[in-house]
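1. here is my input; please provide its structure:
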Amino acid sequence: MSSLSSRTYSGTQAAAIVGITYRQLDYWARTDLVRPSATDATGSGSRREYVYRDLLELKVIKNLLDAGIKLEAVRQVFDYLRRHVSSDIAAAHIVISGASVVLCDGDHLTDVVRNGQGVLNVLPLSNVKAELDDQIVELKRAERMRATAEQRDARAPRRTVAR
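-> Predicted structure coming up:
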């Protein structure tokens, strides 16, 4: 993939790869939804050059639009993602529910269309399972220790205390 991520793509190539029209790509660039990272247009006859990361963003935008999210909401989503997701945007996990777009970040769900309002906390069940397993092991260990102590006490001679 290093050869894919190190090269640049013309606007025509980018549109074809992502599955959008050149007119959409041009509009998104002119309205600052996705500006080409390699070379931006500087006037009539100049060519935009996109990098692999730009293509990833464009594809995510297309997928959001295809899922029924309105372009204005897509802009809000990307504004939020660019401000709050420091790593690769394409690696983010989002959930689309109706007109809502929710970012899954670790164990938090954030509604990115509603300006980052937290909507739910996710209960990671693997932690619940691990805690339960630890408690069962601890209980078994305590029961074995108690049984061993009772056996030892049962074998020990009883001492009588003179009064």
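2. for the rest of this, base every contact and every neighbour count on C-alpha atoms.
-> Noted.
3. contacts for the helix or strand encompassing residue 23?
-> Element membership of residue 23 [criterion: DSSP states H and E] is helix 22-30. Helix 22-30 has contacts (CA atoms under 8 Å, 6 or more residues apart in numbering) with 11, 12, 15, 34, 35, 36.
4. leaving out chain neighbours, which residue sits closest to the fifth one?
-> Ranked by CA to CA, 6 or more residues apart in numbering and with sequence neighbours excluded, the top spatial neighbour of residue 35 is residue 29, at 4.9 Å.
5. what's opposite residue 110 in the beta bridge?
-> Beta-bridge pairing for residue 110 (DSSP bridges): residue 103, residue 118.
6. just give me how far the helix holding residue 23 sits from the chain centre.
-> Distance of helix 22-30 from its chain centroid, counting by CA atoms, centre = their mean, to the nearest Å, is 27 Å.
7. one more: stretch 138-157?
-> 49 Å.
8. kindly provide the distance from residue 81 to residue 75.
-> Distance check for residue 81 against residue 75: by CA to CA, to the nearest Å, it reads 10 Å.
9. I meant residue 63, not that one.
-> To residue 75, residue 63 is 13 Å away according to CA to CA.
10. compare the two (neighbour count), which wins?
-> Each of residue 63 and residue 75 has its neighbours counted (other CA atoms under 10 Å); residue 75 has more, 18 against 13.
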